[in-house]
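Student: Any chance you could fold what I've pasted below:
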Amino acid sequence: ITAHRINDPILAENLLKEGKVDLVAMARPLIADPELPNKAREGRYDEIRMFIACNRCFDSLFDGKSITCLVNPDVGREKEYRIKKTENPKKVLIVGGGPGGMEAARVAFLRGHEVVLYEKSGELGGQINLIAACPEMKEFENIPRYYKSQLKGVRVELNAKVTPNSIPQENPDVVIIATGALPI
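Tutor: Alright, predicted model coming up:
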């Protein structure tokens with residue numbers, strides 16, 4: 001049996017096919033995405049929310065707190081955070097294409113809202129892209145990869161700076177500011 005940082009179902013399958021292991025055990029990958037086995041079986045690899053080995057889940061538990069996950073904000077609160085369709089769809093404008101903005105866009109869209117996401121740079125991911133550029137933090141690139149697969153149906157405007165004067169052009173019912181923080 002092998003475990004520890006096997007977060008890719010294709011890698012796990014190859015290890016089994018090559019006879020290198022008899023069984024692959026996954027814990028943290030299933031915290032990040034409890035549907036990982038089903039998505040892999042159905043060939044929906046781009047929809048898998050990959051764990052990034054940050055140990056947030058273990059840190060929470062070792063501190064005597066409820067489990068949390070950096071890539072899965074629902075973990076431990078699945079019932080509370082269950083996404084329900086709205087009876088009053090709105091037009092939602094989200095400013096900022098980092099993880100917070102992308103999660104807001106994903107949830108708002110799943111709830112049935114019309115969503116437009118504005119990002120001032122040429123790519124989604126925000127400061128996560130800076131982190132993922134470090135070789136030892138490469139797994140962080142899975143965060144924007146996952147969200148990009150989830151934003152089908154969301155209008156994404158890249159290289160688009162939002163100003164107070166440009167907001168009325170979209171005529172949104174709601175504006176979510178998810179511009180993050182400035183790096184130190």
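
Student: Could you measure from residue 151 over to residue 130?
Tutor: Distance from residue 151 to residue 130, counting by C-beta to C-beta, to the nearest Å: 21 Å. All C-beta atoms are positioned from the backbone trio N, CA, C, and that covers glycine.

Student: More neighbours: which of the two?
Tutor: residue 151 (17 against 12; other C-beta atoms under 10 Å).

Student: which phi and psi does the more buried one have?
Tutor: In terms of degrees, to the nearest 10, the main-chain angles of residue 151 are phi -100, psi 20.

Student: For residue 27, which residues are in contact?
Tutor: residue 3 (C-beta atoms under 8 Å, 6 or more residues apart in numbering).

Student: let's see it at 10 Å
Tutor: Taking C-beta atoms under 10 Å, 6 or more residues apart in numbering as the criterion, residue 27 is in contact with 3-4, 51, 57-58.

Student: And for residue 7?
Tutor: So residue 7 contacts 26, 28-30, 32-33, 36, 48, 50-53, 139, 142 (C-beta under 10 Å, 6+ apart).

Student: Can you check the distance spanned by stretch 103-120, start to finish?
Tutor: 17 Å (C-alpha to C-alpha, to the nearest Å).

Student: Identify each buried residue in the helix or strand of the chain with the lowest mean pLDDT, please.
Tutor: One helix or strand of the chain scores below all others by mean pLDDT, DSSP states H and E: helix 56-62, with a mean of 87. Residues 56-57, 60 are the ones in helix 56-62 that count as buried (16 or more other C-beta atoms under 10 Å).

Student: now what about it, what contacts it?
Tutor: 27-28, 31-32, 51, 55, 65-72, 75-76.

Student: Farthest-apart pair in these, please.
Tutor: 51 and 65 (18.7 Å; C-beta to C-beta).

Student: quick one, which of those two is more surrounded?
Tutor: Between residue 51 and residue 65, counted using other C-beta under 10 Å, the more crowded position is residue 51 (28 against 10).
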